[in-house]
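1. Fold the following.
(2 chains)
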Amino acid sequence: MNFLSVGNPRHLLKPLIIVFTALIIGLGLMTPAHADSVGEEFEFAVVGNVKVEGEPVGGVRIIVEGGGYRAETVTDDKGSWLIGVPEKSDYSVTLDESTLPTGVIVLEGGVTQQVSFSLGDRVSQNFFIGEGERNEVPFIDQLVARLIYGINFGLMLGLASVGLSLVFGTTGLSNFAHGEMVTFGAVAALILGVFLELPIWVAIPAAVLLSAGMGWSLDAGLWKPLRSRGLGIIQLMIVSIGLSLTMRYIIQFFIGGGTEQLPGFDSPKINLFGSVALSVNDLYSMGISIVVIVAFAFWLMKTKTGKATRAISDNPDLSAASGIDVDKVVRIVWIVSASMAGLAGVLWAYFRPGIKWDMGTQILLLIFAAVTLGGLGTAFGALIGALIVGLLVETSSLFIPSDLKYVAALVVLIGVLLFRPQGIMGRKQRIG
Amino acid sequence: MDWGTIINNTLAGLLTPTTIAFALAALGLAMHFGFAGLLNFGIAGFMAIGAYGYAISVLTFGFPWWLGMIVGILGSIGFAILLGVPTLRLRGDYLAIVTIAAAEIARLLFLTTAFTDVTGSADGLFGYNKTGGFTEANPFPPGSYGFGPWTYNSETLWVIVFGLAVLAICVWLLWALMRSPWGRVIKGIREDEDAIRALGKNVFAYKLQALIIGGVFGGMGGIIYAAFANVSPGVYVTSITFFIWTSLLLGGAATIFGPVIGAVIFWTLQAFLSNILPELSSSGILPVDGTQAATLRFVLVGIGLMLLVIYRPQGIFGDKREMTFVK
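-> Have a look, this model is predicted:
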């Protein structure tokens, strides 16, 4: 192969030149400016130096993460590093303490710190490093923290999932545009709360109302006419894919490709015990989710419309024959589904944190996983499925690399469809 | 408005390595969906495995290019079996969700930093065409070939000729298969699975064979794309699957030439829109900025897909009677 063709003088020339230049310039000056830099194709970059008492430290692992982008590098002999980033948004920079020399730790600000770009194309992030005891977070603390995050994420996912499940139950549609309804809620809150500068406690309910209006108009303008045309469920599903693409890129058209923040996204943290801390937003988010889910459960179990919804999920023809106005109930289901998805979007924007044009698409498959796990078409099953998926996603990062955390949920999705396609709560006859 | 450049770039879109790669993927999807009735939403996964199989076996294991491409094809066969054995018994829309999830798992595994040494994580892989000898196997001496919008350097010409040859073989294979007894059974399964089962055929085996053949076409698409551009995990996202679906439905799902022509129309239209929309915005006819103009074409893809499925599900060349299985 090419490697073996040593006889070719061109292959010998390159190392010779390098050795020659090194001899002339002297070894000490030869280190390139950024020996270990990644993402140099990007216009913007996060840079820094790692030094302990003025002495550079090489081989320290640095990770930059944010807006769906992640890259890592190690510092060179001069202790410097550079990580190119695709856009001027907020990033978290993590220094891997285990790669520091023994007895040296990050003294201030923690191993993960936030950076944001101002005017320049580069932003620098240096860590205060010195001698000290490494503060290892005990495994049990990490686990508890992850479990709480998991419940929070699961509740949020539950808000989005019950809607998808209800729509599937009443109309048979696997709605691929559900992720965009999640994004829509977050973007509506962004437009009202940031661009129009309404107070956030007005902006969020208004965003949920707008989402409800979106659900109404989608059913009135698209799904109802298509049902009347007699389109099959596969056709409807592909239409929902087209709708998903359309909505996603319309959102990108208006807010661009970057990450936006809602007001108050970096709320103070409250220490619970040990090193387990929760932000005020997390607590609000869980509270809101629980209240809405309880209200939803009451609606579904006790009210007339809720009962009609369950009847249609069981047997649409029989429900229509017994005098239920199927179209009217389906319209309400779309409104409920869209407003809960919109609320989930707002909460997720705080959880991530950040609003991005494709944020809904990122969790669409997790929502599908939750719905399938619980049993397609069963609302409470979807809720339990969502909690399991949320816990799984958050705790799995204790055992597998964090950029693979969605994989665990997707594997569960496939596993459930294989071994128990009716899900945890579903009944067997649903599977045609 | 520089109409000369716009028309030139649009016509160039008719024949590029990208168009050929996506025509191959659409052909695979025609086998899956159009003929066998399998709702595969994971065609991007098949492409990714073909492309990574080729690149990794060349870069990590030092295989020559042709062996690397065979590894890529074997990889997509393996993916089809892995996916098909457990899921082909499921109902249509369940299969759709499983395949889209499997393709995402594959993409995330290529993207993760855990396997950076092999997959290059977010940076992807490059340089394998040179290392593996694909570039050296180019029979065309360096220079400029073709005329007008279809002017290529020798490297691009080599990829195009190679890709066209693969595409021609695959089209011929699909055509031959679909007029054989095997093809009639496949179409029968699409129309009524139980009737075919009653005739004593092993429906599951037939479906799996269809999934493998279509998967190989998809994998070849990924390989041709990799032979031209770098392998990057950002390419094999679910949007690409949906774009391939759009080109398939545009041409006609249950036809032989439909997917190829659909892909050509789709990518030519994309080339046209990506040239004319920024022009319209910079000359002030469209009141949007350049980035927004570039986004608009994907909005149009989504709207186009919806209109197509609603008003002409059989596509341009299709026969409505062939699409009664889409329920």
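2. only C-alpha atoms for contact and neighbour calcs from this point on.
-> Will do.
3. Return the distance of residue A:340 relative to residue A:209.
-> Between residue A:340 and residue A:209 the computed distance is 10 Å (C-alpha to C-alpha, to the nearest Å).
4. neighbour count winner among the two?
-> The neighbour comparison of residue A:340 against residue A:209 (other C-alpha atoms under 10 Å in any protein chain shown) goes to residue A:340, with 31 against 20.
5. For the closest residue to chain B within the stretch 101-250 of chain A, give me the pLDDT.
-> Here the residue of the stretch 101-250 of chain A nearest chain B is residue A:232; by C-alpha to the nearest C-alpha that distance is 3.8 Å. For residue A:232, the pLDDT comes out at 85.
6. Next, it: phi, psi?
-> Main-chain dihedrals, residue A:232, degrees, to the nearest 10: phi -70, psi 170.
7. can you count the residues close to it?
-> Neighbours of residue A:232 using other C-alpha under 10 Å come to 16.
8. what does residue A:363 give?
-> 18.
9. In which helix or strand does the residue lying closest to residue B:222 once chain neighbours are set aside reside?
-> For residue B:222, ignoring the flanking residues on the chain, the nearest one in space by C-alpha to C-alpha, 6 or more residues apart in numbering or on different chains is residue B:47 at 4.0 Å. Per DSSP states H and E: residue B:47 is located in helix B:43-59.
10. and what of residue A:185?
-> Per DSSP H and E, residue A:185 falls inside helix A:178-190.
11. That helix close to chain B?
-> No. Contact of helix A:178-190 with chain B (C-alpha under 8 Å from any C-alpha of the partner chain) is absent, the minimum separation being 12.9 Å.
12. Distance from the helix or strand just after that helix to the middle of the chain?
-> Counting by DSSP H and E, the next helix or strand C-terminal to helix A:178-190 is helix A:200-218. Counting by C-alpha atoms, centre = their mean, to the nearest Å, helix A:200-218 is centred 21 Å from the centre of its parent chain.
13. How about residues contacting helix A:200-218?
-> For helix A:200-218, contacts defined as C-alpha atoms under 8 Å, 6 or more residues apart in numbering or on different chains pick out A:181, A:184-186, A:188-189, A:192-193, A:263, A:331-332, A:334-343, A:346.
14. Those residues, buried ones only, as a ChimeraX selection?
-> The ChimeraX selection below is limited to those of the contacts of helix A:200-218 classed as buried (16 or more other C-alpha atoms under 10 Å in any protein chain shown):
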select /A:181,184,185,186,188,189,192,193,331,332,334,335,336,337,338,339,340,341,342,343,346
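15. Quick check on the residue in chain B sticking out farthest from the centre: phi, psi?
-> Largest separation from the mean C-alpha position in chain B: residue B:284, at 35.7 Å (C-alpha atoms, centre = their mean). Note on residue B:284: backbone dihedrals following degrees, to the nearest 10 are phi 80, psi 0.
16. That one and residue A:391: what is the separation?
-> Noted for residue B:284: a distance of 51 Å to residue A:391, by C-alpha to C-alpha.
17. Then residue A:415?
-> In terms of C-alpha to C-alpha, residue A:415 sits 17 Å off from residue A:391.
18. ok, the two, which is more surrounded?
-> More neighbours surround residue A:391 than the other of residue A:415 and residue A:391, with 22 against 16 (other C-alpha under 10 Å).
19. The helix or strand harbouring residue A:409 close to chain B?
-> Using DSSP H and E, residue A:409 falls within helix A:405-419. Yes. Counting by C-alpha under 8 Å from any C-alpha, chain B has neighbours in helix A:405-419: A:407, A:410-411, A:413-414, A:417-418.
20. what does that helix contact?
-> Contacts for helix A:405-419 (C-alpha under 8 Å, 6+ apart): A:365-366, A:368-370, A:372-373, A:389, A:392-394, A:396-397, A:423, B:86-87, B:94, B:98, B:101-102, B:105, B:108.
21. Mind checking which of the residues you listed are buried?
-> A:365-366, A:368-370, A:372-373, A:389, A:392-394, A:396-397, A:423, B:87, B:94, B:98, B:101-102, B:105, B:108.
22. Among those, which lie within helices?
-> Here DSSP state H is the test, and these give A:365-366, A:368-370, A:372-373, A:389, A:392-394, A:396, B:87, B:94, B:98, B:101-102, B:105, B:108 as lying in helices.
23. Spell out which parts of the stretch 101-250 of chain B neighbour chain A.
-> Proximity of the stretch 101-250 of chain B to chain A is confined to B:101-102, B:105, B:108-109, B:112-114, B:122-123, B:131, B:239, B:242 under the rule C-alpha under 8 Å from any C-alpha.
24. try it again with 7 Å
-> For the stretch 101-250 of chain B, the residues found near chain A under the criterion C-alpha under 7 Å from any C-alpha of the partner chain are B:101, B:105, B:108, B:112, B:114, B:131.
25. okay, now the residue lying closest to the first one once chain neighbours are set aside: neighbour count?
-> In other words, residue B:101. Spatial nearest neighbour of residue B:101, excluding adjacent residues (C-alpha to C-alpha, 6+ apart): residue A:410 at 5.9 Å. Using other C-alpha under 10 Å, residue A:410 has 24 other residues around it.
26. Could you list the buried residues of stretch A:79-95?
-> A:79-85, A:87-95.
27. Can you give me the first-to-last residue distance of that stretch?
-> 12 Å.
28. Any part of it near chain B?
-> No. If you take C-alpha under 7 Å from any C-alpha as the test, stretch A:79-95 misses chain B, and the best it gets is 11.5 Å.
29. Check the model's average confidence along that stretch for me.
-> Stretch A:79-95 carries an average pLDDT of 81.
30. neighbouring contacts of it?
-> Identification of contacts with stretch A:79-95 by C-alpha atoms under 7 Å, 6 or more residues apart in numbering or on different chains yields A:34, A:36-40, A:42-51, A:56-58, A:61-66, A:74-75, A:111-117, A:258-259.
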